[in-house]
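Engineer: take a look and give me a structure for this.
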Amino acid sequence: MDKQITDWLVVDYSEMKLPIITMYRHPSDWPDKFIARLWDLNKPTNLFMIADTYQELIDKLPFHMHRVPRRKDDDPVIIESWL
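Structural biologist: Purely as a prediction, here's the structure:
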């Protein structure tokens, strides 16, 4: 079951291989929102954030993460990912 969170700092990353936060613009399950979902390498976790704007999600990212642009073959709703 998905779990909405409000702060990435409460997440226990210790068992994760590679935490990745992927940003989405208006996905089909939240057509009016921006979503940030935590992945562990290539597997989605149940943790996500929701916001009205992209900037709200950016402002909550952990400071040490680095932006990775979307690939041409990514789903069109994907904005970018952060490692």
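Engineer: just the helices from this protein, written as ranges.
Structural biologist: Using DSSP state H, the helices of the chain run over 54-59.
Engineer: helices or strands up against the longest strand seen in the chain?
Structural biologist: The strand spanning the most residues in the chain, taking DSSP state E as the definition, is strand 43-51. Where contact means 3 or more C-beta pairs under 8 Å, 6 or more residues apart in numbering; DSSP states H and E, strand 43-51 is packed against strand 3-4, strand 34-40. From N, CA and C alone the C-beta is placed, and that goes for glycine too.
Engineer: buried residues, it. List them.
Structural biologist: Burial within strand 43-51, assessed by neighbour count using 16 or more other C-beta atoms under 10 Å, is assigned to 47-51.
Engineer: what do you get for stretch 1-17?
Structural biologist: Buried residues in stretch 1-17, defined by neighbour count with 16+ other C-beta under 10 Å: 5, 8.
Engineer: quick one: end-to-end length of it, please.
Structural biologist: The first and final residues of stretch 1-17 sit 21 Å from each other (C-alpha to C-alpha, to the nearest Å).
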